[in-house]
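**Student:** got a structure for you, letters missing:
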């Protein structure tokens, strides 16, 4: 039988049946299942926006932030309305599946003579001596299980939500349909995708992963159309996935909080926030210190103590390259790397300006090399503070310009309690843009709201609660003015807020 409907869609799944029952209504294991599912689907929301924004950047050169904002707005338009979610899925999923399958099969047919070599490579790399030494069959099997869960949900416990909601005269038939779904998703679709990638010469895909790898493979087979096709298909797939997991979440939320509008809306809003966050790029800030680095604290790491400037420059290059490579290989979408933190008075234990420039050059080269190897476009940033002393800042930036230090953007700290006025910040931004031709971002900004000790460390700002509350009101107003500042800056002068 088809379960009862709620908001135009079937209210189905294990938790929905528990909620309607009497004996099984309260269960610790069911509550844990509900909570873990909701956490997992929030994570999936982040993966969705990250993948789509990356694909659109590769295909159309659209900034990830723009794609993420549009995707989040469209998702909000649908999920915050009744009856729209399932109706949208009914249209998008068949189009997505058929187009991708037909195109990939066509490519495999054209290249069928190379398929035996591809299969041989798969088995050789899965069961070779290197793989046995690295972990053996168990590691291969575990990785396959992880990939399988991600591709078809079999075993995760969420797929029955969709199966239970389907109109079917016999539950056994629906069970067979679900089993067929595993075959299609993992064995057919994922295998076709793997073949597409492995048919591409290895020198074209070396160092690539995820969406960059797939789009490079499609571009090899179909030219520019392949990149665009994957971006469009991924957008449909990801969008339908987001709507689908919110449909799954309805039963979980209703089980935990009751079947009411407010709890469903709160979770939808949380998922939308996760969707937004997932599409944002990350700025990696290397302090090159065993402790937080600022103008008064630029200590050399203990591991680098005793090194001369050449040895330290090499160590900094290797550390930056290795760390950033690991971050990129983990799938983090890095958009900018900050080499040093508030380096007005030195960096990594060096106070001589020429030595600091050598370190900056090494860090910048490491970022460029990691970006090239991964096929990413990553900005290199230098970060200064104390805009109230523009004479010294000019000296530092001029030194970078004369020595042709490679970087893209200047970060400025702005704490109004110490760093003068908003007009000074505005003038500093314009001055850096006009004089050095660099973009500017506000890397740090903060204001106090209480004089109480919140972390066991001495407060930076001394005074009573009245002073703190007054500073809070004043600095909050200043911060809002920073957010509005791009509208008041001259044309072609940009500002970004990082922290």
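**Tutor:** Sure, I can see it. Owing to the predicted nature of the structure, the values given are computational and were not obtained by experimental measurement. Numbers count the residues shown, from 1 in each chain.

**Student:** from here on, contacts and neighbour counts on C-alpha atoms
**Tutor:** Fine.

**Student:** starting at the chain centroid, how far to stretch 275-288?
**Tutor:** 7 Å (C-alpha atoms, centre = their mean, to the nearest Å).

**Student:** what's the average pLDDT for that stretch?
**Tutor:** For stretch 275-288, the mean pLDDT works out to 89.

**Student:** and the end-to-end length of that stretch?
**Tutor:** Across stretch 275-288, the terminal residues are separated by 32 Å (C-alpha to C-alpha, to the nearest Å).

**Student:** buried residues of it, list them for me.
**Tutor:** The neighbour-count check on stretch 275-288 (16 or more other C-alpha atoms under 10 Å) flags 275, 276, 277, 278, 279, 280, 281, 283, 284, 286, 287, 288 as buried.

**Student:** the fourth one against residue 48, yeah?
**Tutor:** Just to be clear, that refers to residue 278. Yes - taking contacts as C-alpha atoms under 8 Å, residue 278 lies within contact range of residue 48: 7.3 Å.

**Student:** residue 196 is in contact with residue 217, correct?
**Tutor:** Yes - using C-alpha under 8 Å, residue 217 is in contact with residue 196, at 6.5 Å.

**Student:** now residue 68: which helix or strand?
**Tutor:** helix 64-79 (DSSP states H and E).

**Student:** which strands and helices lie in contact with that helix?
**Tutor:** helix 28-60, helix 84-110, helix 224-257, helix 261-278 (3 or more C-alpha pairs under 8 Å, 6 or more residues apart in numbering; DSSP states H and E).

**Student:** who wins for proximity to residue 372 among the ones you listed?
**Tutor:** Distance to residue 372, taken as C-alpha to C-alpha, is lowest for helix 28-60 among the helices and strands packed on helix 64-79, at 14.5 Å.

**Student:** pLDDT weak spots in the protein?
**Tutor:** 1-26, 82-93, 126-157, 165, 447-451, 460-499 (pLDDT under 70).

**Student:** strands of that one, start to end?
**Tutor:** In the chain, the strands defined using DSSP state E lie at 5-6, 9-10, 282-286, 334-339, 379-384, 409-413, 439-444, 495-497.

**Student:** need those strands in JSON lines (columns: distance to residue 188).
**Tutor:** As requested, those are exported to JSON lines (distance: least, C-alpha to C-alpha, whole Å):
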{"stretch": "strand 5-6", "distance to residue 188": "33"}
{"stretch": "strand 9-10", "distance to residue 188": "29"}
{"stretch": "strand 282-286", "distance to residue 188": "34"}
{"stretch": "strand 334-339", "distance to residue 188": "32"}
{"stretch": "strand 379-384", "distance to residue 188": "39"}
{"stretch": "strand 409-413", "distance to residue 188": "46"}
{"stretch": "strand 439-444", "distance to residue 188": "47"}
{"stretch": "strand 495-497", "distance to residue 188": "45"}
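
**Student:** which one of the ones you listed lies nearest to residue 118?
**Tutor:** Nearest of the strands of the chain to residue 118, taken as C-alpha to C-alpha: strand 334-339 at 32.0 Å.

**Student:** from the buried residues of stretch 275-288, pick the one nearest residue 368.
**Tutor:** Closest to residue 368, out of all of the buried residues of stretch 275-288 and judged by C-alpha to C-alpha, is residue 284, at 13.7 Å.

**Student:** residues contacting the residue nearest to the closest one when sequence neighbours are not counted?
**Tutor:** Excluding the flanking residues, the one nearest residue 284 by C-alpha to C-alpha, 6 or more residues apart in numbering is residue 337, at 4.7 Å. Applying C-alpha atoms under 8 Å, 6 or more residues apart in numbering to residue 337 gives the contacts 283, 284, 285, 286, 367, 378, 379, 380, 381.

**Student:** against residue 317, how distant is the fourth one?
**Tutor:** Okay, so that is residue 286. In terms of C-alpha to C-alpha, residue 286 sits 12 Å off from residue 317.

**Student:** between residue 217 and residue 196, who's got more neighbours?
**Tutor:** The neighbour comparison of residue 217 against residue 196 (other C-alpha atoms under 10 Å) goes to residue 217, with 25 against 22.

**Student:** distance check, that one against residue 101.
**Tutor:** 15 Å.

**Student:** all the helices of the stretch 351-499 of the chain, residue numbers only.
**Tutor:** 353-374, 390-402, 422-436, 465-484 (DSSP state H, counting those that start in this stretch).

**Student:** okay, angle between the shortest one and helix 422-436 too, please.
**Tutor:** So that's helix 390-402. If you take axes from the mean of the first three to the mean of the last three C-alpha atoms, to 10 degrees, helix 390-402 sits at 20 degrees to helix 422-436.

**Student:** pull out the buried positions in helix 390-402.
**Tutor:** Buried, per 16+ other C-alpha under 10 Å, within helix 390-402: 393, 394, 396, 397, 400.

**Student:** still on that earlier bit, for the helices of the stretch 351-499 of the chain, which one sits closest to residue 262?
**Tutor:** Here helix 465-484 is closest among these (C-alpha to C-alpha), at 30.2 Å.

**Student:** count the neighbours of residue 303 for me.
**Tutor:** Residue 303: 10 surrounding residues under other C-alpha under 10 Å.

**Student:** again but with residue 62, I slipped
**Tutor:** Residue 62, neighbours per other C-alpha under 10 Å, totals 14.

**Student:** now the one 3 residues further on
**Tutor:** Using other C-alpha under 10 Å, residue 65 has 18 neighbouring residues.
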